[in-house]
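Undergrad: Any chance you can model this:
(4 chains)
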Protein chains: 2
Amino acid sequence: MRNEITPVRHGTMRARNLAVVLGEISRRQPVSRARLADVTGFTKTTVSSLVAALKDAGLVREDGPVRDGERGRPATAVSVNGDRVAGLGLEVNVDYLAACVLDLGRRIRHRHIVAADNRARDPERVIGALTDLAERAIAAAGEQDLTVAGAVVALPGTLDRAGGRVRTAPNLGWRDVAAGDLLTAGLPPLALPADQDNEANLAALGELWFGDGPELGSYVHVSGEIGVGAGIVVDGRVFRGAHGFAGELGHVVVDPAGPPCACGGRGCLEQVAGQEAILRAAGLPDVTATSTAGPDGPLSALVTLLNDGDERALSAVRRAGDALGRALGAAVNLLDPDTIVLGGIFSALAPWACPAVEAALAGGTGVVRSAPPRLAVSRLGGDAAALGAAALVVERVMNDPARLLTEGSPRPHER
Amino acid sequence: MRNEITPVRHGTMRARNLAVVLGEISRRQPVSRARLADVTGFTKTTVSSLVAALKDAGLVREDGPVRDGERGRPATAVSVNGDRVAGLGLEVNVDYLAACVLDLGRRIRHRHIVAADNRARDPERVIGALTDLAERAIAAAGEQDLTVAGAVVALPGTLDRAGGRVRTAPNLGWRDVAAGDLLTAGLPPLALPADQDNEANLAALGELWFGDGPELGSYVHVSGEIGVGAGIVVDGRVFRGAHGFAGELGHVVVDPAGPPCACGGRGCLEQVAGQEAILRAAGLPDVTATSTAGPDGPLSALVTLLNDGDERALSAVRRAGDALGRALGAAVNLLDPDTIVLGGIFSALAPWACPAVEAALAGGTGVVRSAPPRLAVSRLGGDAAALGAAALVVERVMNDPARLLTEGSPRPHER
DNA sequence: CTCAATTCGTTCAGGCTCTGGACTAATTAA
DNA sequence: TTAATTAGTCCAGAGCCTGAACGAATTGAG
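TA: The predicted structure follows:
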């Protein structure tokens, strides 16, 4: 339970230092060995040795001599090599499947979204279709001479990550599905084990890497589609809580006298600001089952109404924004983020919802903190979670490149 | 912003491994070197060398041979030596000051609480009085042959921990006070730098070490006195958020139409479940300025009424419990703790407040998580934060014993 | 009582990784 | 052409962990 401090051996030391140097290269590229020695505190000897190992693994590249205008021998520029290793991100959502291949240089090399009504299908069938998508993505990566180092799947539900199982995914109708096993069975063996994570967490990570990223600092990323979820990122890491269920913003109660929720509570945020609730309040049919599947599908009608100034639609969105702002007020008091990021359906509705969100937020977060958190809107599309999943694989490679050096054989004695 | 991976050298490796072994000794004491080699994965040689270093520093002790009933050479039992090093915990609160000396074996060696109305006094005077208390504590430690390795101060307000400053402590009337400098100036130099932290965070840590501790896992510890605060502990570590203001449970809005709060919001939990609000609702005068200062002072009248079955008092506490439960519901959804611990004034009121808290909590935390969080009541007294502060010093020694080995000289290149 | 078996802890050679000074390489300024 | 400057490599050395061998202390069988 207590945070474990693990033994360190020479191998561990080497592995960590490889990560240190790789990280510094990524942050400052192109960069010379001499400068790396400066910023890391290593000797030039050590830096040379570490860079050589990274170069052998294809993670890093020499770009040729560079003179800085100063005198002295010109430096050899070292950069991350984006052309050898990539991460695969996968996403299962209610009305689509998505795959995304991201190279070490954080360039998207392949991206594919397939509309599919996954509510109507068996979990096995869905994972089967996802595996097909993954195989095509791996093939596409291979054609670009990229090796896929690992895969992460984004799933809309509560997970038992250690066991590789989906506990419940209410919007998919799943219950205790061994998604991890099903997926690994269908995939060629990768250097890193396949992993899964909550869609909201991964969408938040997608924002970190592809949105306004580093400027955001610590933030809460709201990512509603059918349900309403939030990914909490503190210092670049996802906060998961004790069992991985942190960030369940959708079931924060915003109106104790409100309508009952499937979760057993009353007046959950999801019942007021979820996609179906907003559509209903705006007088639109619940179109989730119609042909316009895929990201942003069911919302287009609502956006049209809003653009036309339809009063009922506007008030529905305002009411949702107010409820969202109040729930976020609690999140701000409890989690102390720098920024709130609106993603999912709320990024499309932001022009109309933001004022209400901001007002409610300001009313609930007092002078305790010096500045109220900023409110930002995500510019990422519907497959933010797939992007985040791929980015997570890339991040893992960057944080422990040694795993790719030892050619697949697991590192000794990790306890 | 991103979590930094720091370079590892031989010295770092050694330092971490010392911590590994010391931690394992603490967890399993008395324990043989052979068993330590088993559980850590180190060779017997390495364990012997690490234990020898810890023994030289006085952190560890050999207890003589022990036969396990099995055959073979009997083992030499190794245990944490609680008789050489200690941590000092200090606490400034509205109506008292406290100090506490805790040895490495987690035994309390000295404990002193002084009632004092700190609202009426200059910050310099308060810190001065605290320094006196600290000096007496250090002297008391010295008489028991204990070296005080470091000190941590618990303060009821928002802090700039890096700068050693109190930003605001509304209940003390402090604003931008350089508490860290004032304290270090008055104290003899210690091996570890003096540090400060929020009272709620440290009270939560106190619960971890002295309450039901390890069983709690991840938990939210409510610690209201004048204000209402919460310390969030995940896997044995305090969660602080981006600026260290996480856990501001007192300013979660529980009634948007409620009374205005000093923080600028309306209907904050503190306005309904804070000590003054409860006393007022129960028809009691606000006695915080009277002579009954010190922990639990102003509450005794209320507890008497509750024991007498006074309907007005009972309903006031029920209403507070309901509000607290609703705010905690949001905390559970966002933070996903195993347990909620009621401390501060709520531990005294628990018999009457718990049913309401539990009911409200159950209504706001649905089936998303498999089991609702347990509700526990702290058995710690008013100086829980001072205990937690001292425990934090001890924890730091345990997590990095090497700092005490190198005789005060700071370790090289920590960047 | 003696000897084999067993377990504990130490000793010593060896290997991995970082350090630090010396050295070579490549360039600019005089 | 030469001195100065900066980049990167080489090589001996030191710190720390590993692993096999060994002495120490005890139990149980003969």
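Undergrad: interface residues of chain A facing DNA strand C?
TA: A:10-11, A:13-14, A:17, A:41-46, A:49-50, A:65, A:67, A:71-74 (CB under 7 Å from any atom of the strand). The way it works is simple: take the backbone N, C-alpha and C, and place the C-beta from them, glycine included.
Undergrad: which of the residues you listed are buried?
TA: A:Met13, A:Arg14, A:Asn17, A:Gly41, A:Phe42, A:Thr46, A:Ser49, A:Leu50 (16 or more other CB atoms under 10 Å in any protein chain shown).
Undergrad: so which of those also contact chain B?
TA: When CB under 8 Å from any CB of the partner chain is applied, the members of these adjacent to chain B are A:Met13, A:Asn17, A:Gly41, A:Phe42.
Undergrad: May I ask which two of these are separated the most?
TA: Within those, A:Met13 and A:Gly41 form the most distant pair, 14.1 Å apart (CB to CB).
Undergrad: can you pull the contacts of A:Phe42?
TA: A:Asn17, A:Val21, A:Leu36, A:Leu50, B:Pro7 (CB atoms under 8 Å, 6 or more residues apart in numbering or on different chains).
Undergrad: what comes up buried for stretch A:191-206?
TA: Under the neighbour-count criterion of 16+ other CB under 10 Å, stretch A:191-206 has A:192, A:194-206 buried.
Undergrad: Present those as a markdown table; the columns should include secondary structure and pLDDT.
TA: Below are these laid out as a markdown table (DSSP: H, G, I helix; E, B strand; the rest coil; pLDDT from 0 to 100):
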| residue | secondary structure | pLDDT |
| --- | --- | --- |
| A:Leu192 | coil | 83 |
| A:Ala194 | coil | 87 |
| A:Asp195 | strand | 92 |
| A:Gln196 | strand | 93 |
| A:Asp197 | strand | 93 |
| A:Asn198 | strand | 92 |
| A:Glu199 | helix | 92 |
| A:Ala200 | helix | 93 |
| A:Asn201 | helix | 94 |
| A:Leu202 | helix | 95 |
| A:Ala203 | helix | 94 |
| A:Ala204 | helix | 94 |
| A:Leu205 | helix | 92 |
| A:Gly206 | helix | 92 |
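Undergrad: Out of the residues you listed, which comes closest to A:Asp95?
TA: A:Glu199 (12.9 Å).
Undergrad: isn't that closest one right up against A:Pro156?
TA: Yes: with contact defined as CB atoms under 8 Å, A:Glu199 counts as touching A:Pro156 (4.5 Å).
Undergrad: overlap in contacts of those two?
TA: Jointly contacting A:Glu199 and A:Pro156 under the rule CB under 8 Å, 6+ apart are A:Asn93, A:Gly229.
Undergrad: can I get the CA coordinates of stretch A:300-311 in PDB?
TA: Backbone C-alpha positions of stretch A:300-311 (Å, rounded to 0.1, in the frame of the first residue of the first chain) are rendered in PDB as follows:
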ATOM      1  CA  SER A 300     -24.800  18.400 -35.500                       C
ATOM      2  CA  ALA A 301     -28.600  18.900 -35.300                       C
ATOM      3  CA  LEU A 302     -28.200  20.600 -32.000                       C
ATOM      4  CA  VAL A 303     -25.400  22.800 -33.200                       C
ATOM      5  CA  THR A 304     -27.600  23.900 -36.100                       C
ATOM      6  CA  LEU A 305     -30.300  24.900 -33.800                       C
ATOM      7  CA  LEU A 306     -27.900  26.800 -31.600                       C
ATOM      8  CA  ASN A 307     -26.500  28.600 -34.600                       C
ATOM      9  CA  ASP A 308     -30.100  29.500 -35.500                       C
ATOM     10  CA  GLY A 309     -30.600  31.000 -32.100                       C
ATOM     11  CA  ASP A 310     -33.200  28.500 -31.100                       C
ATOM     12  CA  GLU A 311     -34.200  29.500 -27.600                       C
END
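Undergrad: For the residue of the stretch 151-300 of chain A found nearest DNA strand C, give me the backbone phi and psi.
TA: As assessed by CB to the nearest atom of the strand, DNA strand C sits closest to A:Ala191 within the stretch 151-300 of chain A, at 18.8 Å. When read as degrees, to the nearest 10, the backbone of A:Ala191 gives phi -60, psi -40.
Undergrad: give the contact list for it.
TA: A:Thr147, A:Ala149, A:Gly150, A:Arg403, A:Leu404, A:Gly408.
Undergrad: what's the answer for A:Ile232, then?
TA: Residues near A:Ile232 by CB under 8 Å, 6+ apart: A:Ala204, A:Tyr219, A:Val220, A:His221, A:Val238, A:Phe239, A:Ala246, A:Gly247, A:Leu335, A:Pro337, B:Leu334.
Undergrad: do that again at 10 Å, thanks
TA: By CB atoms under 10 Å, 6 or more residues apart in numbering or on different chains, the contact list for A:Ile232 reads A:200-201, A:204, A:218-221, A:238-241, A:246-247, A:249, A:331, A:334-335, A:337, B:239, B:241, B:334-335.
Undergrad: doesn't it fall inside a helix?
TA: No: assessed with DSSP: H, G, I helix; E, B strand; the rest coil, A:Ile232 is strand; it does not lie in a helix.
Undergrad: and it, bridged to which residues?
TA: A:Val220, A:Phe239 (DSSP bridges).
Undergrad: measure it to DNA strand D for me?
TA: Using CB to the nearest atom of the strand, to the nearest Å, one gets 36 Å for the distance from A:Ile232 to DNA strand D.
Undergrad: Give me the local confidence score for that residue.
TA: For A:Ile232, the pLDDT comes out at 95.
Undergrad: just to revisit the earlier point, which of the ones next to chain B among the buried ones among the residues of chain A next to DNA strand C fall within helices?
TA: In this view, these that belong to helices under DSSP state H are A:Met13, A:Asn17.
Undergrad: which one of the ones next to chain B among the buried ones among the residues of chain A next to DNA strand C is nearest DNA strand D?
TA: The shortest gap between DNA strand D and any of those belongs to A:Met13, at 8.5 Å (CB to the nearest atom of the strand).
Undergrad: In contact with that closest one, which residues?
TA: By CB under 10 Å, 6+ apart, the contact set of A:Met13 is B:Pro7, B:Val8, B:Arg9, B:His10, B:Thr12, B:Met13, B:Arg16.
Undergrad: Could you turn the buried ones of those into a PyMOL selection?
TA: Entered in PyMOL, the line below selects the buried ones among these, by 16+ other CB under 10 Å:
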select buried, chain B and resi 7+8+9+12+13+16
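Undergrad: now, which of the contacts of A:Met13 lie close to DNA strand D?
TA: By CB under 7 Å from any atom of the strand, the members of the contacts of A:Met13 lying near DNA strand D are B:His10, B:Met13.
Undergrad: Redo the contacts of A:Phe42 as CSV? Include pLDDT.
TA: Below are the contacts of A:Phe42 laid out as CSV (pLDDT from 0 to 100):
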residue, pLDDT
A:Asn17, 98
A:Val21, 98
A:Leu36, 97
A:Leu50, 98
B:Pro7, 97
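Undergrad: from the residues you listed, which is closest to DNA strand D?
TA: Closest to DNA strand D, out of all of the contacts of A:Phe42 and judged by CB to the nearest atom of the strand, is A:Leu36, at 7.6 Å.
Undergrad: That closest one: what's it in contact with?
TA: The contact partners of A:Leu36, taken as CB under 10 Å, 6+ apart, are A:20-21, A:24-25, A:28, A:42, A:44, A:46-48, A:50-51, A:78.
Undergrad: Next, count neighbours for A:Val94.
TA: Using other CB atoms under 10 Å in any protein chain shown, A:Val94 has 19 other residues around it.
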